[in-house]
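1. have a look; sequence and predicted model below, questions after that.
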Amino acid sequence: MGGYGAAPTRADERTSLSTGLRLPYLAESPLLILLVCILVLQNLAVVPPFADLGGVSMKEKAELRHQWALEVADHGRAVAQWDRERTAHGVELAQWEWDREAWRKEVQGNRAAEAHRSKEAAEEFERGQEERRARDARERAEEERRRQALREAFQRERAQEEHERRAARDKFNKEWQEEDHRRQAVREAFEQDKEQWAKERKQEEQHRQDVERQRLGVYWSQVRRYEQCTAFGTRTYEAELLDIPGHLDWREVCEDMPIEFHGRRVNRPPHCERNKDGRVWAMWKIDFDEPECTLYWAPLLDLGCTDSDTGTRRYEARLMNLRHGDDWDAMCKTAPAIIHGFQFDHPTVCEDKDGRTGVWQVPDLRCQR
């Protein structure tokens, strides 16, 4: 033991635990030693007690001492267990520190190796890029020389082909005009006969259909006229088909029902439909006797030969007599024109510049190169 006031040793702590008291100062006073010895002897029932301590019997004291001894033993085992766990924790902590240091060294080594590999890969990639650029430059130069040779050969062949094409075109045009005159004469005679036959058959069929419809009672309602024109010389009309017998197919009846416009008979509507109410409607686009939808072109402007090698001359003209609400694009694309005695059913293209304008590209031998 140390001097007065010094910390007790583990041997002193074990001695104190055996009596249940911590007595670090027993060696300093003989009187205290004597009192402790008497108290121990009384607890062991060797010396009778000096006074009755609350009427506690010796048996109860023995049981209390036994219980206290068990608790002391449990405490000792708990302390020993805690010492073992603390020792194991220390070992585990040391192992964890060792593993962390090893992992850190491994990571540093991997990083250094990765940096080295990346550097080598970058150098290898750069060398490959330099070689590829040099190879590409050589290939481009070779390709350009080859293309230049092909262009020169193509230009020579094209000039020769163009000369041969012009000669063949002139010959073909002459032969085609002669053949066209012969075919036109035959076609006109055939068309006259064909029209006569068709007219007779049509009259017979119309008569038969009129008789059948009168028997069934089907008829058209009042025709409604659209105010806007839908094409050159063309206006849209619609009407409802009434009193269709229930046992007949409405579409078949509608598509076979004639009507008259401007005193001319139209055998069947081009379009029939039935709405949600079950009413059947038909629509016609009438392209005759519609003077309000007939437009005309302003004087043609000759803009000279086109820049392409097609051998065509460009003409332009403004479309006149358009009314508000008319579909100018549809009207333009269906408006005919006569240029130098030739009939054109519609312009080559329609443009919207300074008014609705039609553009024609007309073949012209003077524009061939």
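-> On my side now, so go ahead.
2. what about this structure, any weak spots by pLDDT?
-> In the predicted model of the chain, residues 1-29, 39, 42-56, 207-215, 308-309, 369 satisfy pLDDT under 70.
3. redo that, cut-off 80
-> 1-58, 61, 202-216, 307-310, 354-355, 368-369 (pLDDT under 80).
4. where along it do the helices fall?
-> Under the criterion DSSP state H, the chain contains helices at 10-19, 30-43, 58-216, 250-255, 328-333.
5. now residue 305. Nearest residue, chain neighbours left out?
-> Take residue 305 and drop its neighbours on the chain: the residue closest to it by Cβ to Cβ, 6 or more residues apart in numbering is residue 367, 3.6 Å away. From N, CA and C alone the C-beta is placed, and that goes for glycine too.
6. picking that back up, so which of the helices of the chain comes closest to residue 273?
-> Closest to residue 273 of the helices of the chain is helix 250-255 (Cβ to Cβ; 8.6 Å).
7. helices and strands around that closest one, which ones?
-> Helix 250-255 is packed against strand 234-242, strand 271-274, strand 280-286, with contacts defined by 3 or more Cβ pairs under 8 Å, 6 or more residues apart in numbering; DSSP states H and E.
8. look up how far residue 364 lies from residue 206.
-> From residue 206 over to residue 364 the distance is 48 Å, taken as Cβ to Cβ, to the nearest Å.
9. then residue 199?
-> Taking Cβ to Cβ as the criterion, residue 199 is separated from residue 364 by 41 Å.
10. just checking, residue 323 touches residue 294?
-> No. Contact between residue 323 and residue 294 fails when scored by Cβ atoms under 8 Å: they sit 11.4 Å apart.
11. go through stretch 342-361 and flag the buried ones.
-> Judged by neighbour count using 16 or more other Cβ atoms under 10 Å, the buried positions of stretch 342-361 are 346-347, 350, 356-361.
12. and the residues you listed, which is closest to residue 134?
-> Of all those, the one with the least separation from residue 134 (Cβ to Cβ) is residue 361, at 50.5 Å.
13. now that closest one. Nearest residue, chain neighbours left out?
-> Once its chain neighbours are removed from consideration, residue 361 has its nearest residue in residue 312; the separation is 4.2 Å (Cβ to Cβ, 6+ apart).
14. which residues touch that neighbour?
-> Residues touching residue 312, when contacts are defined by Cβ atoms under 8 Å, 6 or more residues apart in numbering, comprise 305-306, 361-364, 367.
15. switch to 7 Å and redo it
-> Applying Cβ atoms under 7 Å, 6 or more residues apart in numbering, we find residue 312 in contact with 306, 361-364, 367.
16. closest to residue 299 out of those?
-> The nearest member of the contacts of residue 312 to residue 299, counting by Cβ to Cβ, is residue 362 at 15.6 Å.
17. tell me the contacts of the nearest residue to the closest one once chain neighbours are set aside?
-> Nearest-residue entry for residue 362: residue 313, 5.3 Å, with adjacent residues in sequence omitted and distances by Cβ to Cβ, 6+ apart. Residues touching residue 313, when contacts are defined by Cβ under 7 Å, 6+ apart, comprise 302, 304-305, 362, 364, 367.
18. how close does the residue sitting nearest the centre point of the chain get to residue 335?
-> Of all residues in the chain, the one closest to the mean position by Cα atoms, centre = their mean is residue 329, 33.8 Å from it. Using Cβ to Cβ, we find residue 329 at a distance of 11 Å from residue 335.
19. for stretch 317-332, C-alpha coordinates in PDB please.
-> C-alpha atoms of stretch 317-332 as PDB (Å, rounded to 0.1, in the frame of the first residue of the first chain):
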ATOM      1  CA  ALA A 317     -49.000  35.700-115.100                       C
ATOM      2  CA  ARG A 318     -51.300  37.000-112.300                       C
ATOM      3  CA  LEU A 319     -54.600  35.200-111.700                       C
ATOM      4  CA  MET A 320     -57.500  37.700-112.000                       C
ATOM      5  CA  ASN A 321     -61.200  37.700-111.000                       C
ATOM      6  CA  LEU A 322     -60.600  36.000-107.600                       C
ATOM      7  CA  ARG A 323     -63.400  36.700-105.100                       C
ATOM      8  CA  HIS A 324     -63.200  36.800-101.300                       C
ATOM      9  CA  GLY A 325     -63.300  33.400 -99.700                       C
ATOM     10  CA  ASP A 326     -62.300  31.500-102.900                       C
ATOM     11  CA  ASP A 327     -59.500  28.900-102.500                       C
ATOM     12  CA  TRP A 328     -56.900  30.700-104.500                       C
ATOM     13  CA  ASP A 329     -54.400  27.800-104.500                       C
ATOM     14  CA  ALA A 330     -56.900  25.300-105.800                       C
ATOM     15  CA  MET A 331     -58.200  27.800-108.400                       C
ATOM     16  CA  CYS A 332     -54.700  28.600-109.600                       C
END
